[in-house]
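*Asks:* Sequence and predicted model, in that order:
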Amino acid sequence: MSVKHPIVAITGSSGAGTSTVTKSFDLVFRRENIKAAIVEGDSFHRHDRKSMKVAMEEARLQGNNHFSHFGPEANLLEELAGLFKGYGETGMGKVRKYLHNADEAAPYGQQSGEFTPWEDIPAGTDLMFYEGLHGAAVTDTVNVAQHADLLVGVVPTVNLEWIQKLHRDKNQRGYSTEAVVDTILRRMPDYINYITPQFSRTHVNFQRVPTVDTSNPFIARDIPTADESFVVIRFANPKGIDFPYLLSMIHNSFMSRPNIIVVPGGKMELAMQLIFTPMILRLMENRRRA
Ligand SMILES: Nc1ncnc2c1ncn2[C@@H]1O[C@H](COP(=O)(O)OP(=O)(O)OP(=O)(O)O)[C@@H](O)[C@H]1O
Ligand SMILES: O=C(CO)[C@H](O)[C@H](O)COP(=O)(O)O
C-alpha cells in the first residue's frame, strides 16, 4: 500500500476478461489525465514458451502432470511482489512483455512466445496498473496482495470463462480446441489453489453471468454477448459506496445483497466508470496531499 505511488491490480484467470476490463481503466486514466505504469501479468511467467515446454516435460517425467502457468513454480511471484513493494516506495521498477503471437512480436523483431528485455518504468507515473493472473496472490512465502491499494477481480462463471478462453486462444493465439482443453485440465489444481482464493482478497469483483445456455462450453460457437449476460458486482466493504446513485444511473440494475449490485451486461462499462472514477480520483487526491 502506498499513498505516494498507489497500485491498482486487476486479477483474473486466463480468458476471464482482464484485458477487456483494462480498456475501461484506460478511459478513466485518459479522461482524468493520469499517467499509469502498465504491468502485464504474463510478463512475470518464469519461462518463455520454449523453456515452459521443457519445464512441463521435466515435471511430467517426475510424475507431475499439473505444472502450469497458474502456479507459483512457473511464475516470478517474488519478483512481482518486489516490483509492487519497490514501486510503492519509489515509483520505479522494471517491466517487460510476454509476446503471445506474431502480431505482438513483430514490432520488437522477436518471435511469438518470447519476452522483451526488462525496461525501466518511465519516470513520473501517477500510479501502477497491473493486469493478470496473480495481482492478489498469497503463497506460503510471497504476498503480492498486501502491496495493492485497489484490487479488482474479474471472474465470469466458469463455463463462460472457458468459452472466452477457447475463443481467444483459438482465434488470436492459433491453438486447437484440444490444446486449450488440455491446458484447462492441466491447470485445474493450480486454478483452485492459487487463482480462486485471490477473489476473497479483492476489494471489488465483477462476475459476468450468462443468460444463455453455456452448459457445454466446448462446443459453444460464440461468446455470449454483453446483452446476453448480467454482471454481479460485489464489494468486500460496501461502506462509502453510493448504491442509490449507482441504482439511479444504471438502468435495470438491482441489489441482490447489501454489498452486491447486479447490472445488465451491456452496462458493465458504465458501471466500471461510475465505480472506479471516484476511487481513482481519491487515490490521486491522497497522493497530491502526501
Ligand atoms: N464483458 C465481455 N463481453 C463479451 N466478451 C468478453 C467480455 N469480456 C471478455 N470477453 C471476451 O473474452 C475473451 C477473453 O477476454 P480477454 O482477452 O480480456 O481475457 P484476459 O483475461 O485478458 O486473458 P489473458 O489474461 O489470458 O490474456 C475475448 O475474446 C474477449 O473479447
Ligand atoms: O494467457 C495466458 C496466461 O494468462 C497464457 O496461457 C500464458 O501466458 C501462456 O501463453 P502461451 O501458451 O501462448 O505461451
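*Replies:* Happy to help now that I have it. Ligands and ions are numbered 1, 2, ... in the order given.

*Asks:* Confirm that residue 19 sits in a helix.
*Replies:* Yes. Following the definition DSSP: H, G, I helix; E, B strand; the rest coil, residue 19 is counted among the residues of a helix.

*Asks:* That one reaches residue 133, doesn't it?
*Replies:* No. With contacts defined as C-beta atoms under 8 Å, residue 19 does not count as touching residue 133, sitting 12.0 Å away. Yep, even glycine has a C-beta here, placed from its N, CA and C like the rest.

*Asks:* which one of the two has more residues nearby?
*Replies:* Residue environment comparison for residue 19 versus residue 133 gives the larger neighbour count to residue 133, 27 against 15, counting by other C-beta atoms under 10 Å.

*Asks:* Around ligand 1, which positions in the stretch 51-200 of the chain sit nearby?
*Replies:* Proximity of the stretch 51-200 of the chain to ligand 1 (C-beta under 6 Å from any ligand atom) is limited to residues 164, 167, 168.

*Asks:* Among those residues, which ones are in strands?
*Replies:* Using DSSP state E, the subset of those located in strands is empty.

*Asks:* residues from the stretch 151-290 of the chain in reach of ligand 2?
*Replies:* Counting by C-beta under 6 Å from any ligand atom, the residues of the stretch 151-290 of the chain that sit close to ligand 2 are residue 173.

*Asks:* which residue does the stretch 151-290 of the chain bring closest to ligand 2?
*Replies:* When you check the stretch 151-290 of the chain against ligand 2 by C-beta to the nearest ligand atom, the closest residue turns out to be residue 173, at 5.2 Å.

*Asks:* Which residue ranges of the protein form helices?
*Replies:* Along the chain, the stretches classed as helices by DSSP state H are 18-31, 49-61, 77-90, 102-105, 158-171, 177-190, 243-249, 268-289.

*Asks:* In a markdown table: those helices, plus mean pLDDT.
*Replies:* As requested, those are arranged in a markdown table below (pLDDT from 0 to 100):
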| stretch | mean pLDDT |
| --- | --- |
| helix 18-31 | 93 |
| helix 49-61 | 98 |
| helix 77-90 | 98 |
| helix 102-105 | 96 |
| helix 158-171 | 94 |
| helix 177-190 | 96 |
| helix 243-249 | 98 |
| helix 268-289 | 96 |
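
*Asks:* got a markdown table for those helices, with distance to residue 114 too?
*Replies:* Listed next are those as a markdown table, based on distance: least, C-beta to C-beta, whole Å:
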| stretch | distance to residue 114 |
| --- | --- |
| helix 18-31 | 19 |
| helix 49-61 | 7 |
| helix 77-90 | 18 |
| helix 102-105 | 7 |
| helix 158-171 | 18 |
| helix 177-190 | 19 |
| helix 243-249 | 43 |
| helix 268-289 | 32 |
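
*Asks:* who wins for proximity to residue 7 among those helices?
*Replies:* Across these, residue 7 has its closest neighbour in helix 77-90 (5.7 Å, C-beta to C-beta).

*Asks:* Contacts only, for residue 231.
*Replies:* The neighbours of residue 231, taking C-beta atoms under 8 Å, 6 or more residues apart in numbering as the test, are 206, 207, 208, 209, 262, 263, 264, 265, 267, 268, 271.

*Asks:* what's the closest of the helices of the chain to residue 197?
*Replies:* For the helices of the chain, proximity to residue 197 was assessed by C-beta to C-beta; helix 177-190 is nearest, at 11.2 Å.

*Asks:* Name all residues that make contact with the residue of the stretch 151-290 of the chain closest to ligand 2.
*Replies:* The neighbourhood of residue 173, defined by C-beta under 8 Å, 6+ apart, consists of 100, 101.

*Asks:* again, only this time at 10 Å
*Replies:* With C-beta atoms under 10 Å, 6 or more residues apart in numbering as the criterion, the residues that contact residue 173 are 100, 101, 102, 104, 112, 113, 165, 179, 180.

*Asks:* same check, this time on residue 87
*Replies:* For residue 87, the contacting residues are 2, 5-7, 37, 39, 93-95, 121, 125, 127-128, 130, 147, by C-beta under 10 Å, 6+ apart.

*Asks:* so which of those residues is the most crowded?
*Replies:* Greatest neighbour count in these, by other C-beta under 10 Å, goes to residue 130: 29 neighbours.

*Asks:* shared neighbours of residue 19 and residue 133, which are they?
*Replies:* Counting by C-beta under 10 Å, 6+ apart, the residues touching both residue 19 and residue 133 are residue 12.
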